[in-house]
Each structure stands twice: as structure tokens, then as C-alpha cells.
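Participant: predicted model, plus sequence, below.
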Amino acid sequence: MTIQTDTDHARHAIPRAVSLLLNIGHGMDHMFLLIFATAVASIATEFGYTNWTDLMPYGVGAFFLFGIGSLPAGRLGDLWGRRVMMIIFFAGMGAAAILTALTQNAWQLAGALSLLGAFAAIYHPVGIPMLVQNAPNPGEIIGINGLAGNLGIAVAAVVTGFLVKWFGWRVAFVVPGVLAIGCGILFAVLCPLETEAPGKRKGKARIVLTPAMMARAFAVMTAAAVTSSLLFNFTTNGNAQLLSQRFTGVLEDPALLGILLAVIYTVASFMQIIVGRLIDRVPFKPLQFWMSIAQVPFLILAAHAQAWWMFAALLAVMIFVFGSIPFTDAMIVRYVDDRLRSRVAGMRLTVAFGISSLAVWLLGPLVKSMGFAALLWTMAAIAAIRTALLLFLPDEPAPVRSAA
């Protein structure tokens, strides 16, 4: 195992305005995918469904294409260039959101959401490698980027709740869609042209593993990402309805429940900055292990808590679920050369998000048949499996940091 210091990667960083737009893009990416989950009850009523659980499976196409679309998006990011792919991301996602607002039945909605998921798939294998290329502190940058992404989830909860309440669910798709197209125009203006595509550059991974260790690291990375994505999709797509159920008779205003959910997501999101900084400073494997195992008892507590105790338990769950997000991207930065990162990220995301899209399809039927308590126990088991998988990661010393 060979460790490259930060001086091995010292080149010009991307402009600050472009970094800001890349972080905003991460927030939009997660926000757009969760508008449907937040507004599903209102959409179900308009489309003639008696229960939101019957409409929820129609959103699976968005998350499935969000997964499998990562593979071609990552390849095109390395071969075409990341700048052009990010312009397509902003413009395409905005247009798909506006198209979703124009749908008139469940199957049209499913098609528009699937198109939205296909464009949303571009961000993770392209935007994050673009953000951390040549960065001396990738863990911290990934943590900040993760915060931006999860703040998008918080925005989806509170803004969608208010837009649905005052203007209807269609406006909840149109407003973010117009903003995304505007961000795409700004990105095209502010982001410098790339002199060459990432796939044509020369470089070296920060930590060079033997082929056998690399294969093991990639297998663990992918398996851990699958379990982590399952937890992420089950929680973020089900939390709005979970809070609504557990606060029955205590608090029933959808806008206020949206604020509570936004508070949970906002507080939990800041854990990613803490974890991102720790990734650059402490041994990688034990940090991941303890962040993962901490999810198990809080998921079990959330399975049986009510009202404000439920709020506290769900806050603890999301702190550790969100706090575990930076690890997979950090592994790619550590073990993979920049000219291959988008393709490797695309392969990993295709498997992880493709399988975890089942969570969206199963969420409604599972809750309808066995309730939220059993679902949360299932999620605790998934968290325990993820913890066991992390034991197979290669051991490595604490990160090497340069004086600069």
C-alpha cells in the first residue's frame, strides 16, 4: 500500500462560484427526487387514489434510473468532460420537473418521474469527482457537499409542504424546475472550458492498493453503498408519512410537520461536515464502523416511539444515516485515480442505487401490510449487515497531510 501526500495533487482548484453551483446542484439533486414523496398524498387524492401507499410504487422508475443511469453518466463524464455533463444535468432535470407538473394520471407521472431520475443520475458520478479533483482536503469538501445535498432534502420537506398547501403540488415541481434551468445557464457562463476530458489526463490514486486489495475494497464499497442507500431511501421517502402517523392527535398540520422534518434533516446534515473533517484526520475503517453500528439501537427505538419521542429517535437515526454518506465518495477519492473516478463512481452507484430503488417500490406495500414498526426493525437489521461488511475493508494508517 502506497500513500500519496497532498503535494502530489497540488494543482489549480476550480473557481469558487463553480464550487458553489456544484454544491447547490447536489442539494437540487436530492430535493427533486423527494418532491414526489413529500407531495404524494395530495397527488394521490387528485388522481383518485384512496391511499398514498397505492401511488408510491409509481415513483420507483425515478430511483431505478437514478441508479442505472449513473453508469453511462460516469463514462460520459470521463470521456466527454464533466462541464458539459453538468450543464445537461441542470437543464434536463429542470425540464423534467416541469413536465412532471403537467401530468394527468399515474402512468404519465411515472414516466415523467423516470425522466427526472435519469437526469438526476448525472450528479453523483460527475459533480462530486469534479468538485474534489486536485483537492488537498477531499474529506472536508465531501462533507460540505454532503451537507448541501441533505439540506436539499430539508428544503424538499418544508418548501414542498408549503407550496402544496398554498398553491398545489404542480407548483411544487414547477418552481424548482425553473430554478434548476437558471442554475444551468449560470454554470455554463461561469465554469471554464476543460482543456481535456478527465479520461485523457495522467494521475495516480491518493492511496495505491494492490490489485487484490483494490478488488476487496471495491466489493466492500459497493456492498456497503447498497445497504446505506437502502436505509437512505427507506427513511427519506417514508419519514414524512411516518411523522404524520406518529403525531396523529398531537400535530396534524402538514406544513408544521414539514418544518419538523426539515429540522431533523438540517441538524443531521451538519454531521457530514464533522465526518468529512474526521476522514482527513483519523483512521478510516474504525470511523465508518462506529458510525454504522450506532444506527441500530436508534432504529429500534424509533420503531416503538410516539410523538415527540419519535421526533428525538428519528433525529438520532438521521444523524448517523447522513453522517455515513461521505464514506463511499471518500473511498473513491482515496483509492481511484481522477481520470477513472466518474466511471468507477458510476459502476458503484448503478449497483447501489439500482438495488436500493426497490426501497421506493416496496415502501408503500410494506407499510400497508406490516406497518412502520416492522419496517424500522428491518432497517435496523440492514444497518447491522452494513456494519459487518465494513470489517472487510483494508486496514490503513491515518491520512497523511502536508504542511500546506
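Facilitator: That came through, no problem.
Participant: ends of stretch 94-113, how far apart?
Facilitator: 12 Å (C-alpha to C-alpha, to the nearest Å).
Participant: contact partners of it?
Facilitator: When contacts are defined by C-beta atoms under 8 Å, 6 or more residues apart in numbering, stretch 94-113 is touched by residues 32, 35-36, 43, 47, 49, 55, 58-59, 61-62, 115-116, 118-119, 170-171, 173-174, 176-182, 184. Every C-beta, even on glycine, is put in place using the N, C-alpha and C of the backbone.
Participant: tell me the predicted confidence for the closest residue to residue 240 other than its chain neighbours.
Facilitator: Nearest residue to residue 240 in three dimensions, chain neighbours excluded: residue 38, at 5.4 Å (C-beta to C-beta, 6 or more residues apart in numbering). Looking at residue 38, its pLDDT stands at 78.
Participant: what about residue 38, distance to residue 117?
Facilitator: Taking C-beta to C-beta, to the nearest Å as the measure, residue 38 falls 16 Å from residue 117.
Participant: go on, residue 312?
Facilitator: Distance, residue 312 to residue 117, by C-beta to C-beta: 33 Å.
Participant: per-residue confidence for residue 200?
Facilitator: Reported pLDDT for residue 200: 57.
Participant: hmm, I was thinking of residue 345
Facilitator: pLDDT, read off for residue 345, is 69.
Participant: one more: the one 4 residues further on?
Facilitator: According to the prediction, residue 349 has pLDDT 69.
Participant: after the helix or strand containing residue 108 comes which helix or strand?
Facilitator: Under the criterion of DSSP states H and E, residue 108 resides in helix 106-120. Toward the C-terminal end, the helix or strand that comes next after helix 106-120 (DSSP H and E) is helix 123-132.
Participant: output the contacting helices and strands for the next helix or strand after that next one.
Facilitator: Using DSSP H and E, the helix or strand that follows helix 123-132 towards the C-terminus is helix 138-166. When contacts are defined as 3 or more C-beta pairs under 8 Å, 6 or more residues apart in numbering; DSSP states H and E, helix 138-166 packs onto helix 16-46, helix 123-132, helix 169-190, helix 254-269, helix 271-279, helix 326-335.
Participant: buried stuff in helix 138-166?
Facilitator: Within helix 138-166, the residues that count as buried by 16 or more other C-beta atoms under 10 Å are 138-161, 163-164.
Participant: deepest in the core, which of the helices and strands packed on helix 138-166 is it.
Facilitator: Neighbour counts (mean count of other C-beta atoms under 10 Å) averaged over each of the helices and strands packed on helix 138-166 peak at helix 123-132, with a mean of 27.
Participant: centre of the chain to that one, how far?
Facilitator: Centre-to-centre, helix 123-132 and its host chain are 12 Å apart (C-alpha atoms, centre = their mean, to the nearest Å).
Participant: do stretch 219-226 as well
Facilitator: The answer for stretch 219-226 is 15 Å, by C-alpha atoms, centre = their mean.
Participant: please apply the same query to stretch 175-188.
Facilitator: Offset of stretch 175-188 from its chain centre (C-alpha atoms, centre = their mean): 20 Å.
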